[in-house]
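Undergrad: next come a sequence and a model predicted from it.
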Amino acid sequence: MADAVTPSGTTRTSGHLLASLDPLLHAWLPRQRWFAGKGRPVTGFTPVAVTELLPPDGRLGLYHLLLRVHQPSALGAEPHPGDCYQLLIGVREALPPRLAPALIGHVHHGPLAGRTVYEALYDPRPAEVLLEALRTQARVGGLRFERDRRQEIREGLVARLLTAEQSNSSVVYGDTFILKLLRRVVPGVNPDLELPLALSREGCPRVPAPTAWLQADIDTEPYVLAVLQPFVSGASDGWELALRELAKGEDFAAEARALGRATAEVHTALARALPTATLGPAQLRTLAEGMTERLTAAVQAVPVLGPYESGLRAAYRALAALAGEGRTWTAQRIHGDLHLGQCLRAPSGTWSLIDFEGEPARPPAERRLPQPAVRDIAGMLRSFDYAAHSAGAPAPDWARACRAAYCDGYAEVSGRDPRTDPVLLRAYETDKAVYEVVYEARHRPDWLPVPLSAIRRLAA
Ligand SMILES: Nc1ncnc2c1ncn2[C@@H]1O[C@H](COP(=O)(O)OP(=O)(O)O)[C@@H](O)[C@H]1O
Ligand SMILES: O=P(O)(O)O[C@H]1O[C@H](CO)[C@@H](O[C@H]2O[C@H](CO)[C@@H](O)[C@H](O)[C@H]2O)[C@H](O)[C@H]1O
């Protein structure tokens, strides 16, 4: 491993530390749930920044690492410098049994020889070090711990790692706050901080307002590394709730309507807070072309889509035809990956939306472009359909009622009924269903029939 490029204030041992960790990380990193490069071998690491948060000479050492992971590009893809991942490495003489699942390995040489290194977020003490650094707005090396001073952060909140299946890692502090530590990080503005901050400035209560955040400046570029928000205690997510109601044969229309209202509140606040744009004929054509290209790539990746391709293309042709008629749409910042799993219902019945990162597979710059709000609505409509097809026997009437109630709720608050834009809505729903086919084929092949049933309907 090359010598560490350390920000000022970092440790004398960091270069050696990385050299001794290299073989351990090779074995450990690709097995992590949040590692996005699965299926391609890891050929090496380059340290981007190494910061000592607790010196290793005590009972507990703690390092913050940003690591570039080198992997061969996918066949036909452009050469890529490698994704940058964020790690928190704990160092102890020996691991207590409760931390066994966190083990990375035993170090055999270098300054940490004889010590054990592990995934520090499993351990309450290192996680509490992060909260304390946020509370006190610490600066350590190139790490900047920032906070909104209007919100109080109490001392001594006890940390626990969330065990949910997720793309990043989250720690809950005393049921008061949740810290999302981003794993694959990119330079520039991150919508997962940008949009909740903008919504909080607008006074929109539908999104937990960021309390604090961690940033790094690397080669003059800012990286958002973690975001702390109030924890919605006792909340259930929309997906769990929908499946529970379906299993009981209960209707979900009242909740769907409340979700429609919440989505409209968020869209209205985002349109006020951040720039909007008008999509003219040229942009509509580009939009339709992009959808068509994604369909072509999806058919190549998942050939079972083949028989439906021409039927699905009709939705995109209809969109391009609207461009020919000179139709325009307003575009604005949106959630970008809205589905039932991104909606939390507090015990009081209030809904919140979370996770504004956008679709992780899309390039970061594209995720921050203004887009028609209908795209988020299409995501939610797909989600009701998903729920109705995931619970034992399909429940098309249940899905229809939810979809209608969601649009009603949206129209009540925004004054715009998404069903008055059927061509755009259908094109976005088709695009999302195609994405889902690829997603399920890659990640959950047993679920493939769920989006495929929508594909059959949309292609007819
Ligand atoms: N403010 C919050 N209050 C309560 N639970 C939350 C909150 N934010 C996130 N969660 C929980 O954490 C999980 C992961 O959060 P999410 O932002 O979706 O992370 P990821 O981007 O890693 O998927 C969610 O599914 C939800 O259960
Ligand atoms: O939550 P993520 O940002 O990781 O989104 C990805 O995974 C989702 C599944 O967890 C996937 O969503 C699809 O399945 C959901 C049920 O599990 C369903 O509610 C969604 O409507 C459906 O799209 C999402 O597409 C993917 O990007």
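TA: Perfect, I can see it now. Ligands and ions are numbered 1, 2, ... in the order given.

Undergrad: in which helix or strand would I find the residue nearest to residue 341 when sequence neighbours are not counted?
TA: Closest residue in space to residue 341, ignoring its immediate chain neighbours: residue 239 at 4.4 Å, by CB to CB, 6 or more residues apart in numbering. For glycine as for every other residue, the C-beta is placed from the backbone atoms N, C-alpha and C. Following DSSP states H and E, one finds residue 239 within helix 238-247.

Undergrad: residues contacting that helix, please?
TA: Residues outside helix 238-247 that contact it (CB atoms under 8 Å, 6 or more residues apart in numbering): 236, 251-252, 255, 259, 339-345, 351, 383-384, 387-388, 390-392, 395, 398, 402.

Undergrad: for stretch 451-460, same thing?
TA: So stretch 451-460 is contacted by 304-305, 308, 310-312, 314-315, 382, 385-386, 389, 394, 426, 429-430, 433-434, 436-437, 440 (CB under 8 Å, 6+ apart).

Undergrad: so what's the gap between that stretch and the chain middle?
TA: Put simply, stretch 451-460 sits 26 Å off its chain's centre (CA atoms, centre = their mean, to the nearest Å).

Undergrad: ok, stretch 210-224 next?
TA: That offset, for stretch 210-224, works out to 17 Å (CA atoms, centre = their mean).

Undergrad: helix/strand/coil for residue 95?
TA: Assigned by DSSP: H, G, I helix; E, B strand; the rest coil, the conformation of residue 95 is coil.

Undergrad: you'd agree it is up against residue 104?
TA: No: contact between residue 95 and residue 104 fails when scored by CB atoms under 8 Å: they sit 9.8 Å apart.

Undergrad: what do the two both touch?
TA: Common neighbours of residue 95 and residue 104, using CB under 8 Å, 6+ apart, are residue 118.

Undergrad: residues from the stretch 251-400 of the chain in reach of ligand 1?
TA: The stretch 251-400 of the chain has residues 344, 354-355, 357 near ligand 1, with proximity defined as CB under 6 Å from any ligand atom.

Undergrad: redo that, cut-off 5 Å
TA: Taking CB under 5 Å from any ligand atom as the contact definition, the stretch 251-400 of the chain meets ligand 1 at 354-355.

Undergrad: can you give me the helices in the stretch 251-400 of the chain?
TA: With DSSP state H, counting those that start in this stretch, the ranges of helices along the stretch 251-400 of the chain come out as 253-273, 281-301, 309-324, 364-367, 374-390, 396-414.

Undergrad: what sits closest to residue 356 if chain neighbours are left out?
TA: In space, not counting the residues next to it along the chain, residue 356 is nearest to residue 195; the distance is 4.2 Å by CB to CB, 6+ apart.

Undergrad: next structured bit after the host helix or strand of that neighbour?
TA: Using DSSP H and E, residue 195 sits within helix 191-201. Sequence-wise, the next helix or strand downstream of helix 191-201 (DSSP H and E) is strand 212-218.

Undergrad: how about the nearest residue to the residue in the stretch 301-450 of the chain positioned nearest to ligand 1, chain neighbours excluded?
TA: Of all residues in the stretch 301-450 of the chain, the one sitting closest to ligand 1 is residue 355 (3.5 Å; CB to the nearest ligand atom). Counting by CB to CB, 6+ apart, residue 342 is the residue found nearest to residue 355 once chain neighbours are left out, at 5.0 Å.

Undergrad: can you give me the strands for the stretch 101-250 of the chain?
TA: 103-106, 116-119, 139-140, 143-147, 159-161, 169-173, 177-181, 184-185, 212-218, 221-230, 236-237 (DSSP state E, counting those that start in this stretch).

Undergrad: let's have those in a markdown table, adding mean neighbour count.
TA: A markdown table is the format used below for the strands of the stretch 101-250 of the chain (neighbours: other CB atoms under 10 Å):
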| stretch | mean neighbour count |
| --- | --- |
| strand 103-106 | 16 |
| strand 116-119 | 22 |
| strand 139-140 | 14 |
| strand 143-147 | 20 |
| strand 159-161 | 18 |
| strand 169-173 | 21 |
| strand 177-181 | 22 |
| strand 184-185 | 18 |
| strand 212-218 | 20 |
| strand 221-230 | 20 |
| strand 236-237 | 16 |
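
Undergrad: got these as CSV, with distance to ligand 2 and mean pLDDT columns?
TA: CSV is the format used below for the strands of the stretch 101-250 of the chain (distance: least, CB to the nearest ligand atom, whole Å; pLDDT from 0 to 100):
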stretch, distance to ligand 2, mean pLDDT
strand 103-106, 25, 96
strand 116-119, 20, 96
strand 139-140, 30, 96
strand 143-147, 25, 97
strand 159-161, 18, 96
strand 169-173, 13, 97
strand 177-181, 12, 98
strand 184-185, 12, 94
strand 212-218, 20, 95
strand 221-230, 15, 96
strand 236-237, 9, 96
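
Undergrad: what would those strands look like in JSON lines with distance to residue 125?
TA: Listed next are these as JSON lines, based on distance: least, CB to CB, whole Å:
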{"stretch": "strand 103-106", "distance to residue 125": "17"}
{"stretch": "strand 116-119", "distance to residue 125": "12"}
{"stretch": "strand 139-140", "distance to residue 125": "17"}
{"stretch": "strand 143-147", "distance to residue 125": "17"}
{"stretch": "strand 159-161", "distance to residue 125": "8"}
{"stretch": "strand 169-173", "distance to residue 125": "12"}
{"stretch": "strand 177-181", "distance to residue 125": "15"}
{"stretch": "strand 184-185", "distance to residue 125": "24"}
{"stretch": "strand 212-218", "distance to residue 125": "18"}
{"stretch": "strand 221-230", "distance to residue 125": "17"}
{"stretch": "strand 236-237", "distance to residue 125": "29"}
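
Undergrad: residues from the stretch 251-400 of the chain in reach of ligand 2?
TA: Contacts of the stretch 251-400 of the chain with ligand 2, taken as CB under 5 Å from any ligand atom, map to 337, 339-340, 382-383, 386.

Undergrad: which of these count as buried?
TA: Buried subset of these (neighbour count, 16 or more other CB atoms under 10 Å): 337, 339-340, 382-383, 386.

Undergrad: this completes my enquiry, with thanks.
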